[in-house]
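**Q** Let's see this in three dimensions:
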Amino acid sequence: MAVRFLTAYAGTCGLNLKILQAYDGQNALEIMADRKANSKSLDLVISDLDMPNKTGLDVLAEGLKLFSKAGYIIWSGLWSGNREWFMGLVTAGGATALDKPARMDKLFEAIAKYLPSAGKA
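**A** Predicted structure coming up:
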């Protein structure tokens, strides 16, 4: 559902985006490594914090080694009782942290930060 929603959003912004979907954190890193190996770009990664095999923080840390100029958005409803710690950890890695349940205006604002033409919808 998220991919379909983001594809529709990209269309309303006039963006020609290829949106890739991973089924867990390890698969996300495999997709990223494959793109890097094949000299393909990657502009933005949107990840949940809590995923099987690798967490969103793993994807951020390892993804930055592959695509240091890409934008990273990590969102979660799992704060382990310390929201400030999570937000600080994610933003220290250069990513944007978002709360769940997701507010679409905050998601669009974060996307526009990394893809400026997305803010023109």
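
**Q** wait, isn't residue 48 in contact with residue 56?
**A** Yes. Residue 48 is within contact range of residue 56, at 5.6 Å (criterion: Cβ atoms under 8 Å). No exception for glycine: its C-beta is placed from N, CA and C like everyone else's.

**Q** Find residues that contact each of those two.
**A** With contacts defined as Cβ atoms under 8 Å, 6 or more residues apart in numbering, the residues shared by residue 48 and residue 56 are 74, 75, 76.

**Q** Just the closest of those residues to residue 66, please.
**A** residue 74 (16.1 Å; Cβ to Cβ).

**Q** Could you pull up phi and psi at that closest one?
**A** Backbone dihedrals for residue 74, given as degrees, to the nearest 10, come out at phi -120, psi 130.

**Q** measure it to residue 111 for me?
**A** 13 Å (Cβ to Cβ, to the nearest Å).

**Q** In CSV, list the C-alpha atoms belonging to stretch 63-72.
**A** Backbone C-alpha positions of stretch 63-72 (Å, rounded to 0.1, in the frame of the first residue of the first chain) are rendered in CSV as follows:
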residue,chain,number,x,y,z
GLY,A,63,23.1,2.4,3.5
LEU,A,64,25.2,5.5,4.2
LYS,A,65,28.3,3.6,3.2
LEU,A,66,26.8,2.8,-0.1
PHE,A,67,24.8,6.0,-0.8
SER,A,68,26.2,8.8,1.4
LYS,A,69,24.3,11.5,-0.5
ALA,A,70,20.9,9.8,-0.4
GLY,A,71,18.2,11.0,1.9
TYR,A,72,17.0,8.7,4.7
